[in-house]
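>>> predicted structure and sequence below. I'll ask about it afterward.
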Amino acid sequence: QVQLVESGGGLVQIGGSLRLSCAASGRTVSTHAMGWFRQAPGKEREFVAAITWIRGNRRYADSVKGRFTVSRDNAKNTVYLQMNTLIPDDTAVYYCAATRGGGAYDSWGQGTQVTVSS
């Protein structure tokens with residue numbers, strides 16, 4: 001099992017930026033990829049971005065392409081989500097998650113709140 005701790009959320013104005021961090025510990029050697037998800041009030045959790053641990057291949061939801069960038073620092077076992085040009089629809093609790101492959105994310109962080117004010 002991998003333990004994940006997110007940080008970096010907060011309140012930001014429209015057009016602002018935030019960088020989320022996700023520190024991983026435990027059995028990180030088995031991690032294939034790390035993902036970011038978000039859940040807004042009254043909505044289902046949705047995929048935001050993901051990055052593979054070894055090759056650094058990235059994938060994004062259409063709604064964040066060109067605005068968000070996912071990256072990782074293997075030496076620090078940390079994944080980042082740089083969020084630029086934030087809009088109110090980005091308001092949500094953001095979660096990072098880890099997968100050993102096969103598409104299923106089986107380790108989750110506790111989440112960090114991002115609020116974009118108008």
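Happy to help now that I have it. Residues are numbered from 1 along each chain as shown.
>>> which residues sit in contact with the nearest residue to Phe37 once chain neighbours are set aside?
If the residues on either side of it in the chain are set aside, Phe37 comes closest to Tyr95, at 4.8 Å by Cβ to Cβ, 6 or more residues apart in numbering. Quick note: C-beta positions are derived from backbone N, CA and C, even for glycine. With contacts defined as Cβ atoms under 8 Å, 6 or more residues apart in numbering, Tyr95 is in contact with 6, 36-39, 45, 108-111.
>>> try 10 Å
The neighbours of Tyr95, taking Cβ atoms under 10 Å, 6 or more residues apart in numbering as the test, are 4, 6, 20, 22, 35-39, 45, 48, 105, 108-112.
>>> for the helix or strand containing it, the distance to its chain's centre please.
Secondary-structure assignment from DSSP states H and E places Tyr95 in strand 92-99. Between the mean C-alpha location of strand 92-99 and the chain-wide mean there is a distance of 5 Å, by Cα atoms, centre = their mean, to the nearest Å.
>>> spatially central residue for the protein, please.
Per Cα atoms, centre = their mean, the C-alpha nearest to the average position across the chain is that of Trp36, at 2.7 Å.
>>> doesn't Met83 make contact with that one?
Yes. At 9.5 Å, Trp36 counts as touching Met83 under the criterion of Cβ atoms under 10 Å.
>>> nice, that's everything, thank you.
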